[in-house]
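# whatever this is, show me its structure:
(2 chains)
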Amino acid sequence: MTKCNLDCNTCTSSHASIQEMHSRAQELGINTTFDRYEDQQPQCKFGTEGVCCQLCSHGPCRITPKSPRAICGASADTIVARNLLRLECHGLSAYCHQFEEAIDTLRATALGKTPYEIREEGKLKELAAALGIDTNKDTKALAINVADAMLHELRKETREPLKLVEAFAPKSRIAIWKDLGIIPGGPLSELRDAMTMTMSNINTNPVSLLLTTMRLSIATGYMGLIGTTIIQDILLGNPGIGKAEADLGTLDPDTVNIVAHGHVPYVAVAVLNVIAEDEELNRLAKEAGATGIKLYGSMDTGQELLQRMNTVGKGFAGQLGNWLTQELMVATGAVDLVMMDLNCSIPGLKLAADKFHTQLVSVSHVLRMDGVDTNLDYVPEKVYEQAKELVEMAIETYKKRGTVNAVQIPRYKSEIIAGVGIESLLGVLGGSLDPLLDVIKSGSIKGITAVVGCTNNRNGHDSASLTLIKELLKKDILVITSGCVSSGAQIEGLQTLDAIKYAGPKLQEVCKVLQVPPVLNFGSCIDIGRITMAVAAIANALGVDPSQLPVAASAPEYLEQKAVADGVFALSFGLLTHLGPIPPVVGGPTVTKILTEDIEGLVGGKVNVEQDMVKAAEQIEAHIMAKREKLGI
Amino acid sequence: MRKIFILEDKCSGCLNCVVACTLAHEESQFYSVASQKEPGRISVEAVYGRPIPLVCHHCEEPACVNACMSGAMQKDLETGAVSNEGNLQKCVGCWMCIMACPFGVITPKKKGSQKVAVKCDLCKDRKSPACVEACPNGAIVFMNEDDFAKHKKKMAALLV
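Now for the predicted structure:
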């Protein structure tokens, strides 16, 4: 399909489908994120640079040449470091929420009360061993023991080091973190202490605040990311290479269409089960005039299903898009029901839904939206019935389709090859990491960059991430993606064999031999945990620390607090961490210098905030080449 | 005369000036309430991501005064201020002043049942304009043209 050839600064979005739907939304008088972003300009630079403190009622205080200190005496550095730690706390706490839901689901599944099953016994045993549990017992009993132990890990005191850090982190990392005193204990206790520290006038030392931010990021990494990924794999299966389609053109005008939007895949999996199994509901859908019922994905809930197309994701009808596309998928008029879970369902979604027949339903007890009264909060033991109820609602809503505004589906869609994880990667490589290590050592692949995280209108919908990815590919750098960046790359066809043409000659050769896309899909934002484990495995195989590897991380369009926690974790893990837009810390000169320079001497990684993506790719390449030289490859 | 000059490089886009202007022209304790009626007579526009404050220049030959058919908009020969304050009963809301102003600094406002044009009046009842006092960066100054020219010279010299 022919796609737009204009420069990406010309348009609202990098995607032709979104461009088309944005025009439609404007014609229909639907205000979207793109429009509200313009309404918000100019935005206050005290906030964007992080030197605004609103914690006490003396405030708000802003740091200016005329007032270089807050009323309490806090410096710009104290303010930005304290605000950064508060963002980190928010990110970690949302990850803890998802983690605890995973633990609850594991326990209910072991008791035989959910439609899920223990699919990866090996992984369950590996996790049990890491927690010091005797694995020589019945699978179900073991799963319950693991659930209990994980819950204890989540809640234990800050002085008790996390077992998953000890079991899964590279030894060289543990030594560095120990020296800095940042090996975390139970994340919920860490959150309590960190929130206490960030209260007015408790911890006002910028360096201590930054170290605490890193400490929380390690808890984020090993519990929120790696812990959740492992439990989700146990319950839903390891990722497996599979094919699917992306973009709004995957919407079928003739079926009842349900979209799973958010991050947590359990209810969506149950809906897929119901669609496959429930004859009565399929009959009702046909009676209503539809040819069937389909479930689509939006954001990470979709990515979780895409990663498992051959198992629990079977029947998944397509990935519609990411954060910035949520209102515009509704603007097709072909979405009957959006089931929203955990974070990233914006109030604007309701404003768009009001112009159509679309019903919004929360499937998470933490998610409530102004104007949305239907809440079917996920309960593991009841999820199959809840899924049936959702499908029933969707069929009822389908009957009203076209009554408010007509259906208009953009014609664009792309293929996707998804499902990359350590296990499936080993499958492609013939059972060992050696072929990958060999092509890295020989220089056929210069290095690997994980381009992850959100999508952000500040640098244009997906244009920063797509530019960076394409620039890296040209330089023979293999790219792996997760989170909203994945959806953007999928829509533009970067996760297909056809995308091999974007790669430099050497990377092209490797991709052709292995028959893999040059952009590998690692899944959702929690799958940054999966990426971390892969990097650790490569470091281990080469007998070096992760900071010595020719790799880098980038979140070129980071948006919210979970992404802050991910970014700081990549930094703590010893990686060059490229971030866009510029995080709200640059108003603090010392903090900025620490994060972008000095920290490299402590943990091996540092932050890069180059906002020109062509130059950022050059700097990432230079970093990778320097690491190669030091390794002597 | 003293008037408002902008040092746009110093602007952070915090909109403190707009808030202060609104509250100076509409009696209320809260901006959220006052802003329902009073648009604020200084504005900050985003140009390629940079905040640019815009406010009346109180021109020597004001296009708005020439365009005003009812005589509401006048230039005070003593202070030099261009304003329709005090003559609002004459304003018929034809918006000719808005069309004529080359700087885009005149705005419609609802005053009771009447729609009238409003613009900077240099806060004639205050010691200095509210926007000038509110700017945390010193990006808005209240000076006569000679002093401002001297100030600019000094700033330019500092850059050499």
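
# counting neighbours, what do you get for residue 48?
I went with chain A, as the question did not name one. 19 (other C-beta atoms under 10 Å in any protein chain shown). Just so you know, the C-beta spots here come from the backbone N, C-alpha and C atoms, and that holds for glycine as well.

# wait, chain B
The burial count for B:Tyr48: 5, using other C-beta under 10 Å.

# quick one: pLDDT of it?
Per-residue pLDDT puts B:Tyr48 at 86.

# do A:Tyr116 as well
98.

# quick one, phi/psi of it?
Dihedral angles phi and psi of A:Tyr116 (degrees, to the nearest 10) take the values phi -90, psi 170.

# and the nearest residue to B:Pro102 once chain neighbours are set aside, what are its phi and psi?
Among residues not flanking B:Pro102 along the chain, B:Ala63 sits closest, at 6.4 Å (C-beta to C-beta, 6 or more residues apart in numbering or on different chains). Main-chain dihedrals, B:Ala63, degrees, to the nearest 10: phi -60, psi -30.

# which residues does B:Ala63 contact?
B:Ala100, B:Cys101, B:Pro102 (C-beta atoms under 8 Å, 6 or more residues apart in numbering or on different chains).

# which of these are buried? Put it as a PyMOL command.
Typed into PyMOL, the next command selects the buried ones out of the contacts of B:Ala63 (criterion: 16 or more other C-beta atoms under 10 Å in any protein chain shown):
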select buried, chain B and resi 100+101
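
# can you tell me which residue is spatially central in chain B?
Residue closest to the average C-alpha location in chain B (C-alpha atoms, centre = their mean): B:Cys120, at 3.4 Å.

# in three-state terms, label it for me.
The three-state assignment at B:Cys120 reads coil, by DSSP: H, G, I helix; E, B strand; the rest coil.

# what about A:Lys163, distance to A:Gly186?
A:Lys163 sits 10 Å away from A:Gly186 when distances are taken as C-beta to C-beta, to the nearest Å.

# right, I mislabeled it, should have said A:Tyr116
Taking C-beta to C-beta, one finds A:Tyr116 at 26 Å from A:Gly186.

# what does A:Lys113 give?
Taken as C-beta to C-beta, the span from A:Lys113 to A:Gly186 is 27 Å.

# who's more crowded, these two?
A:Gly186 (23 against 16).

# show me where the stretch 451-600 of chain A has its helices.
Taking DSSP state H, counting those that start in this stretch as the criterion, the stretch 451-600 of chain A carries its helices at A:463-474, A:484-491, A:505-514, A:528-542, A:561-572, A:589-593, A:599-603.

# could you list the buried residues of the fourth one?
Neighbour-count burial for helix A:528-542, with 16+ other C-beta under 10 Å as criterion, is recorded at A:Ile528, A:Gly529, A:Arg530, A:Ile531, A:Thr532, A:Met533, A:Ala534, A:Val535, A:Ala536, A:Ile538, A:Ala539, A:Leu542.

# just the CA trace of the longest helix along chain B, in CSV.
Taking DSSP state H as the criterion, chain B has its longest helix at helix B:145-159. Extracted in CSV, the C-alpha atoms of helix B:145-159 (Å, rounded to 0.1, in the frame of the first residue of the first chain):
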residue,chain,number,x,y,z
GLU,B,145,11.4,54.7,25.6
ASP,B,146,14.7,56.4,26.4
ASP,B,147,15.3,54.3,29.5
PHE,B,148,14.4,51.2,27.6
ALA,B,149,16.7,52.0,24.8
LYS,B,150,19.6,52.5,27.3
HIS,B,151,18.6,49.2,29.0
LYS,B,152,18.7,47.4,25.7
LYS,B,153,22.2,48.9,24.9
LYS,B,154,23.5,47.7,28.2
MET,B,155,22.1,44.2,27.7
ALA,B,156,23.6,44.1,24.2
ALA,B,157,27.0,45.3,25.5
LEU,B,158,27.0,42.5,28.1
LEU,B,159,26.7,39.9,25.3
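
# show me what the lengthiest helix in chain A is packed against.
The longest helix of chain A (DSSP H) is helix A:76-110. Counting contacts by 3 or more C-beta pairs under 8 Å, 6 or more residues apart in numbering or on different chains; DSSP states H and E, helix A:76-110 is packed against strand A:52-53, helix A:139-155, helix A:187-197, helix A:206-219, helix A:226-236, helix A:561-572, helix A:589-593.

# how many neighbouring residues does residue 104 have?
Let's take chain A. 18.

# not what I meant, chain B
10.

# quick one, what contacts the residue lying closest to it once chain neighbours are set aside?
Leaving aside its chain neighbours, B:Gly104 sits nearest to B:Leu54 (6.3 Å; criterion: C-beta to C-beta, 6+ apart). By C-beta under 8 Å, 6+ apart, B:Leu54 lies in contact with B:Ile6, B:Ile42, B:Ser43, B:Val44, B:Glu45, B:Phe103, B:Gly104, B:Val105.

# flag every residue of chain B that's near chain A.
Within chain B, the positions near chain A by C-beta under 8 Å from any C-beta of the partner chain are B:12-15, B:44-46, B:49-51, B:136-138.

# selecting buried members of those residues in ChimeraX, what would you type?
Command for ChimeraX that selects the buried part of the residues of chain B next to chain A, burial taken from 16+ other C-beta under 10 Å:
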select /B:12,13,14,15,44,51,136,137
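
# how about TSV for the residues of chain B next to chain A, with secondary structure added?
Shown next, in TSV, are the residues of chain B next to chain A (three-state DSSP):
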residue	secondary structure
B:Ser12	coil
B:Gly13	coil
B:Cys14	coil
B:Leu15	coil
B:Val44	strand
B:Glu45	strand
B:Ala46	strand
B:Gly49	coil
B:Arg50	strand
B:Pro51	strand
B:Pro136	coil
B:Asn137	coil
B:Gly138	coil
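
# quick one: contacts of stretch A:186-194?
A:85, A:88-89, A:92-93, A:95-96, A:152-158, A:160, A:162, A:184, A:212, A:215-216, A:219-220, A:223-224.

# roughly how far is it from the heart of the chain?
22 Å (C-alpha atoms, centre = their mean, to the nearest Å).

# try stretch A:562-569
Worked out by C-alpha atoms, centre = their mean, stretch A:562-569 lies 10 Å from the chain centre.
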